[in-house]
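Participant: sequence? don't have it. structure:
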């Protein structure tokens, strides 16, 4: 890991057992199983932008996000880094790689300050094999993550860049029905999230500009929400 | 299900128990657990092109592919149907939807004649919760499927259409080092698999044509494999 990191030597402490027991991740996990997970585990507070692991690395531990948000990103061959997924506490970071004992396919970077619990990979695999409550938690987590990834493949394969931008803007529609959206992060990151180059994002904004919306720096004024919905009708099997 | 279908009334028969026990899907599953899965299950032989389930449908059963290949496809808003994944026996069809008791996000269509085992969804969920061997099989299956889907998201987000076509052609390189590839299916389906329109596929073939390869109908003659590799270097974290 890089960047600021504060590691606590609390393996097996009652605080860590309580943290695992009270997390919504492992409902039904009994005290003995919690202690088995916690015994060799450690907690960590990491600053925003800390690289938690790198793509291609072998998992040494199952990282549990118990506070904060983590970005899973991908890069290859000189192309700009793409955002693939945002993981929100409580959740497991890429349990598929840990359980398959295979290299991470994605990079994990703290998007906020994060509280992490690290359970050694060998322990995590052994406990998941022996404890039905942990196996069920892993199944639920993998199933949710698989379905999110499937929605993303559908979005990328079935929608044009302009439609993806429209869907993304629609998800930011203010609850009060207003017409102003403050972009939550810069356009490079929006392009990365939507799986397009910055040039394609600019063209997509241009395609929507005029009747439907106007862009002023980091502020988008939507004049015609129905027009935006017409560009990309909501699909419950793609959009969350 | 549509198209030809041959259902066998063999719920709980010794043949079905043996089929589940001998499948590579559930290693370590004991006889009693096999019988519990098999008791309400049925097998089915379906013809090529049979629609096994539709996107948006609620799963009534966990479908186990015990012979043949199944295409998982997606469609939305008038866009051509896209191929998302090919599932090869033995494997589970979208266990994430069954375990989450949520609508299928994809359509399943038999790509060959297929032998299927259908276990009622309620039974499958109960056995996965109670039998560690089934839970482990589900975890392994979900982990593999999640990683395949992650590779696909990386491919779609990090590679241009020309690079995707180059990677696809490189995967078909003959073992004898020859330069001729017979396209395994029509260009509409290739475009669907690669997540692009037919027009984009034609432009990608045009971009590679000349020095690197020539296209004659369903036959591609590659003159310069190194040139193709230069367009899209193999990446073990994207390509299988």
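Facilitator: Good, I have the coordinates. The structure presented is a predicted model; accordingly, all values stated were derived computationally and were not measured.
Participant: Say whether chain B is contacted by stretch A:186-203.
Facilitator: Yes. Under the criterion of Cβ under 8 Å from any Cβ of the partner chain, stretch A:186-203 makes contact with chain B via residue A:195. Glycine gets a C-beta too; all of them are placed from N, C-alpha and C.
Participant: So, low pLDDT: which residues of chain A?
Facilitator: A:1-11 (pLDDT under 70).
Participant: how does it look with 90?
Facilitator: A:1-34, A:76-81, A:175-179, A:184-186, A:188-189, A:192-193, A:195-197, A:211, A:217, A:240 (pLDDT under 90).
Participant: gap between the residue most central in space within it and residue A:231?
Facilitator: Among the residues of chain A, the one closest to the centroid is residue A:86, at 1.7 Å (Cα atoms, centre = their mean). As judged by Cβ to Cβ, to the nearest Å, residue A:86 and residue A:231 stand 24 Å apart.
Participant: Is whichever strand or helix holds the residue nearest to the centre of chain A positioned near chain B?
Facilitator: Element membership for residue A:86, per DSSP states H and E: strand A:82-88. Yes. For strand A:82-88, a contact with chain B is found by Cβ under 8 Å from any Cβ, at A:82, A:84.
Participant: Off-centre distance for that strand?
Facilitator: 3 Å (Cα atoms, centre = their mean, to the nearest Å).
Participant: Go through that strand and flag the buried ones.
Facilitator: Of all the residues in strand A:82-88, those buried under the rule 16 or more other Cβ atoms under 10 Å in any protein chain shown are A:82, A:83, A:84, A:85, A:87.
Participant: List just the nearest of those to chain B.
Facilitator: residue A:82 (4.2 Å; Cβ to the nearest Cβ).
Participant: surely the closest one meets residue B:157?
Facilitator: Yes. Residue A:82 lies in contact with residue B:157 (Cβ atoms under 8 Å); the separation is 4.2 Å.
Participant: quick revisit: how close does the residue nearest to the centre of chain A sit to residue B:233?
Facilitator: 29 Å.
Participant: Which of the three states applies to the nearest residue to residue A:93 once chain neighbours are set aside?
Facilitator: In space, and not counting its chain neighbours, residue A:93 is closest to residue A:63: 4.1 Å by Cβ to Cβ, 6 or more residues apart in numbering or on different chains. Following DSSP: H, G, I helix; E, B strand; the rest coil, residue A:63 is assigned to strand.
Participant: quick revisit: list the residues that contact both of residue A:82 and residue B:157?
Facilitator: A:74, A:195 (Cβ atoms under 8 Å, 6 or more residues apart in numbering or on different chains).
Participant: can you list the residues that contact the strand holding residue A:86?
Facilitator: A:65, A:69-75, A:93, A:106, A:108, A:111, A:145, A:148-149, A:152, A:189, A:192-193, A:195, B:150, B:153-154, B:157-158.
Participant: Narrow those residues to just the buried residues.
Facilitator: A:65, A:69-75, A:93, A:106, A:108, A:111, A:145, A:148-149, A:152, A:189, A:192-193, A:195, B:150, B:153-154, B:157-158.
Participant: related to what we said a few turns ago, can you lay out the buried residues of strand A:82-88 as a markdown table showing distance to residue B:206?
Facilitator: Output for the buried residues of strand A:82-88, formatted as a markdown table (distance: Cβ to Cβ, whole Å):
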| residue | distance to residue B:206 |
| --- | --- |
| A:82 | 26 |
| A:83 | 31 |
| A:84 | 30 |
| A:85 | 34 |
| A:87 | 40 |
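Participant: And the helices in chain A?
Facilitator: All helices of chain A, identified by DSSP state H, fall at A:14-22, A:31-38, A:95-100, A:121-130, A:132-158, A:161-171, A:187-194, A:198-208, A:225-231.
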